[in-house]
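K.L.:
model this:
(chains A and B)
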Amino acid sequence: MLKTHLKMAWQNLWKNRFYSTINIVGMTVAITCLLLAVMYWDEEHGYDDFHTNNPNLYRITTNLVEHKGAIVQTVGTTGQIQGRAFKEAVPEIRKFTRVMGGGISSEVSTAEKTLLLNTLFVDTSFFEVFTFPLVHGTALTALKDVNGAVLSASTAMRLFNSTDVVGRVLRMESDPSYQRLEKPLVVSAIAKDPPKNSSIQFDILLPFEFLELAFTDTNWLNTYLGTFVVLEPASNRERIEQQFNRVFATHARDQVEQNIARYGFDSKINYGLQNISDVHLEPLLSGNDFNGESGIVDTSTPIYSIAFLVIALLILILASINFINITIATALNRAKEIGIRKISGSNKIQIIFQFLLESGLLCGISFLLSLLAIRQLIPIFNSLTAKQFAFEQFFNIEMGGYLLLIFGSVILITGLYPAFVLSRFQPSEVLYNKLKQIGQNVVGRGLIVFQFSLGIFLLIVAIVFHSQMDYVRTKDLGYNPAQIITTRISGNRDYAAIGNVLKDELSREPAIMSISYIRNQSSGGVMVNNKRIESSFKSVDDNYLPDVEIPLLVGRNFSPDFATDLTNSVIVNETFVNASNLSDPVGKSIELIEYEGKPTKTIIGVVKDFHFGSLRESIKPMVISMAQVPYGDILIKFQKSKQREAINELEMVYKAIMPNAVFKYDFLDELNAKQYRQELRWQKLVDIATLLAIIICCIGLLGMVHLSINQRIKEIGIRKLLGASVTSIVALLSKDFIRLVLIAIVIATPIAWYAMNRWLQGFAYRIDLQWWIFAAAGVVAVVIAMITVSGQSLRAAMADPVNSLRNE
Amino acid sequence: MIKTTNLCKSFRTEEVETLALNKVSLHVRENEFVAIMGPSGCGKSTLLNILGLLDRPTSGSYVFAGHEVAKFTESQRTRIRKGNLGFVFQSFNLIDTLTVFENVELPLLYLKVPKSERKDRVMEALGRMKIGHRAKHFPQQLSGGQQQRVAIARAVIPNPKLILADEPTGNLDSKNGNEVMNLLTELYQEGATILMVTHSDHDAQFAHRIVNLFDGQIVTESVNREMTTRE
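P.N.:
Numbers count the residues shown, from 1 in each chain, chains lettered A, B, ... in the order given. Here you go, the predicted structure:
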């Protein structure tokens, strides 16, 4: 029985090759997108699940109030002191470890080479809390000695060309802790590389005790590193959090009072627990501050996986609409078959089964094609998502379950509705030709309008996306980032001396024009005439403003000729002047609110506003002071067309001065462009989604036009007989469909306008939504639809009327 | 009006060549009523389609109203067809989605007749076919006889020089069939030239001349004395 059904299903697909192809192409595209989206979703939601302590493994979070109550936030970090204090007070904590790093690189040397390694400072219990298996060495003792170091397997290979290197010696000469250690570091264990879906990544692990040689901190109000705890199974989380808060209340009382006395507000700190599986998608980074010590990297938000899934589902809906439309519209041709089946004793269920079998066969073919397509597309998908998926990932139980689920739902979605509609045909009606023509086919037309609305919506999104990104990329930043290399000095070194030698040596190199310094400092308050202004702070040397071509509006630049510039002078930007209502700013005094005291400074100049950071944010008030030591970035301006020489000269000088340092450099303009990498990836994604959506809309339309022409073939013949020209027939056939596209434009435009307006609000600097964007999308849609429709119509209009009129 | 010489038409399907018309030479004068008879598959409809400029002969000559049209392109044939030829089919071939009025109006539309004139002419034609009261109905709401009357109205409305009828009574009962034949006769008496393909001896008796086709060839031609005397 099944064999017969299967054979008939196959014959039907073959007989309707044209429509089967449309369906298979559409479904293959849709299933491919859906599988990729599910894979992405699975990956994003599976971060950090591999730790065997996982259901009981938590991170301590801190709720706090900052900036005089202006910001209330939850961060995923604590200070150094909380972990141990909480462990002592709360018996349900079995283990804890602090993790500091993520954005910390250290220069680590062997006898032969120096590498810049991603460093984490962790407690000895690190391997009992997390599951990072060791290749060599033992977990319990690996971090016990203050000079013990754990390398990841790949780092061991890079340093020693072997993983069997326990006992080998390492140096970190620029590290302040190492400088106090007075003995070399010894490799104590080799760990497998952390899996790529781990939020905790490292090249080298060093004991927290080692860090403490140079840096101890007992401030309860600090939040910068990660503290992870393993709780007893079935612990009451809320109760533990309350215990944390009680510990804080007792231990931190004096510090809180001091803080209120100094800044005039209470941080109102309280603690929470976050399961490690939630960390990746909810990283709880602190707003504007440096997050490079929080221990976790590669953070994300759920929006990406949701967006992927939504796009994939939309494409699936589009393809399913084609499927349903085509199946129902071809129903007339099959009405007789159904009638005969019913007369021959087939019941409704069997007919539904037959149709489901047909969609199952079709989906099965599409499914196999999708798997083939994914195999080819994975490299492209990886570059689009910045992930490292492998085709083999599909073949595990979990993905297998998803595959089955998707397969089943697709068959049901696409097969069930048409099957029910068609199985309702009454034999007496179909066999005696009483069945009315599916007249206007309202449902089918509605679905086409829906499809095209979606396509046009995406088209508008793509155009707006492109325009905004172009605008951002080409917007005048207020300074000139061209011809500038940036580098920096790292580690615990004599920055002033190195800076001086560097400047001296580099100024003699022919390809290098100028050297300047800039350091971005955290933001803070500034008092002007008793008004507090939140500002960002930078310190620069006297070459910076001219090198990057930031013009002074009034006053003067910093100068080594004025001894007071280093201590007393500041330059502010236009926004600062506007925010503070200073009418004649040069010469005015302002008061910086710093951790230690409130120094008074004098404004010596005002610069034109310039952008620093993403154009999502507007320009903030800025206070620039003078610095002569390169604690931040060193900018090297080079002669145009002498880039190669400049880099070589810089590297030579850099290495001569700091033989153990790792030389790294970037181009300032490329760094700026990198800020929009995420957006560029989304731009590509939207482009692809739009293209796919439109292709699916078009093949759907093609199918509907083909069907409509088949149904009207007699009418076309009659009209030709009566003298209709080819043009008038094409117009007649196209008109209906073009009208549907016009309706879709009317529906999609306001929705797209609303959505894109919302999106643009996220940018401080944005394009206006011009009418032409919508007009262009409309025109493109109409033209594409016309091309699709007219080919078919033309074919029908040119055909000989005899053929259509003959067989009755 | 019509003169064909050695008209041939062959169909080729998967290496089998069928000769549907074999050297047909036929002459039809203006205001003649000719019936073409013969068994199924003898080439009647093929001949009618070629004479009606719906199809092209494989070889031979066809002169219609003084033009050699055998080698005309589709668009040239369309131009000649428009207004000069009226068609009546066994299966009526009305457009289901258009009303009776719109169906009859169609040829005038393609002849670019002004709207007000179209309306008058359509209503007049429908009135003459005694179907005026059904102008706003759709074809499927009419009986077969009524549908065929609509089809005849549509065929005659541009005042064609030639009316081609392919089994016009084939789908009708005898009463409606007779009515249709009487209508065609009326048109003939008013000066139209009519070419009719039929199976029915009864219908053929309305014609002025009967042409018998067999295997694509004209085998006999006879003048209908009854009709001639009636004239």
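K.L.:
can you classify the nearest residue to A:Val726 once chain neighbours are set aside by secondary structure?
P.N.:
Distance criterion CB to CB, 6 or more residues apart in numbering or on different chains; nearest residue to A:Val726, sequence neighbours excluded, is A:Ala797 at 4.4 Å. Every residue, glycine included, has its C-beta placed from N, CA and C. Under DSSP: H, G, I helix; E, B strand; the rest coil, A:Ala797 falls in the helix class.
K.L.:
measure A:Ala797 to A:Ser162 for me?
P.N.:
In this view, A:Ala797 and A:Ser162 are 77 Å apart by CB to CB, to the nearest Å.
K.L.:
sorry, back to before: now that the residue nearest to A:Val726 has come up, it's in contact with A:Ala731, right?
P.N.:
No. Here A:Ala797 does not reach A:Ala731: they are 9.3 Å apart, not a contact under CB atoms under 8 Å.
K.L.:
compare the two and say which is more crowded by neighbours.
P.N.:
More neighbours surround A:Ala797 than the other of A:Ala797 and A:Ala731, with 22 against 15 (other CB atoms under 10 Å in any protein chain shown).
K.L.:
run a quick neighbour tally on residue 46.
P.N.:
In the absence of a named chain, this looks at chain A. 14.
K.L.:
the chain in question should be chain B.
P.N.:
With other CB under 10 Å as criterion, B:Thr46 counts 24.
K.L.:
also A:Ser277?
P.N.:
For A:Ser277, the tally of surrounding residues (other CB under 10 Å) stands at 19.
K.L.:
isn't it up against A:Tyr47?
P.N.:
Yes. Judged on CB under 8 Å, A:Ser277 makes contact with A:Tyr47 at a distance of 7.0 Å.
K.L.:
now do the contacts for the residue nearest to A:Val726.
P.N.:
Counting by CB atoms under 8 Å, 6 or more residues apart in numbering or on different chains, A:Ala797 touches A:Ile716, A:Lys720, A:Val726, A:Thr727, A:Ile729, A:Val730, A:Leu733.
K.L.:
same thing but at 7 Å, please
P.N.:
When contacts are counted by CB atoms under 7 Å, 6 or more residues apart in numbering or on different chains, A:Ala797 touches A:Ile716, A:Val726, A:Ile729, A:Val730.
K.L.:
which helices and strands does the host helix or strand of the first one pack with?
P.N.:
When secondary structure is defined using DSSP states H and E, the element that contains A:Ile716 is helix A:713-721. Judged by 3 or more CB pairs under 7 Å, 6 or more residues apart in numbering or on different chains; DSSP states H and E, helix A:713-721 is in contact with helix A:726-760, helix A:801-806.
K.L.:
using PDB, list the CA coordinates for stretch B:158-175.
P.N.:
Presented in PDB, the C-alpha positions along stretch B:158-175 are these (Å, rounded to 0.1, in the frame of the first residue of the first chain):
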ATOM      1  CA  PRO B 158     -18.700  43.300 -36.000                       C
ATOM      2  CA  ASN B 159     -20.600  42.500 -39.200                       C
ATOM      3  CA  PRO B 160     -18.100  40.000 -40.400                       C
ATOM      4  CA  LYS B 161     -17.700  39.000 -44.000                       C
ATOM      5  CA  LEU B 162     -17.500  35.400 -43.100                       C
ATOM      6  CA  ILE B 163     -19.000  33.400 -40.200                       C
ATOM      7  CA  LEU B 164     -17.300  30.100 -39.400                       C
ATOM      8  CA  ALA B 165     -19.400  27.600 -37.300                       C
ATOM      9  CA  ASP B 166     -17.800  24.400 -35.900                       C
ATOM     10  CA  GLU B 167     -20.600  22.000 -35.000                       C
ATOM     11  CA  PRO B 168     -22.800  24.800 -33.700                       C
ATOM     12  CA  THR B 169     -25.600  22.500 -32.500                       C
ATOM     13  CA  GLY B 170     -23.400  19.700 -31.200                       C
ATOM     14  CA  ASN B 171     -24.000  20.500 -27.600                       C
ATOM     15  CA  LEU B 172     -27.700  21.400 -27.900                       C
ATOM     16  CA  ASP B 173     -31.000  19.500 -27.900                       C
ATOM     17  CA  SER B 174     -33.000  19.500 -31.100                       C
ATOM     18  CA  LYS B 175     -35.200  22.400 -30.100                       C
END
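K.L.:
and for that stretch, what's in contact with it?
P.N.:
Contacts of stretch B:158-175 (CB under 7 Å, 6+ apart): B:1, B:45, B:48, B:51-52, B:65, B:83-91, B:107-108, B:111, B:144-145, B:148, B:155-156, B:177, B:180-181, B:184, B:187, B:192-200, B:203.
K.L.:
quick check: buried residues in the helix or strand A:Ser320 falls within?
P.N.:
Assigned by DSSP H and E, A:Ser320 falls within helix A:302-329. Neighbour-count burial for helix A:302-329, counted by 16 or more other CB atoms under 10 Å in any protein chain shown, picks out A:304-305, A:307-309, A:311-312, A:314-329.
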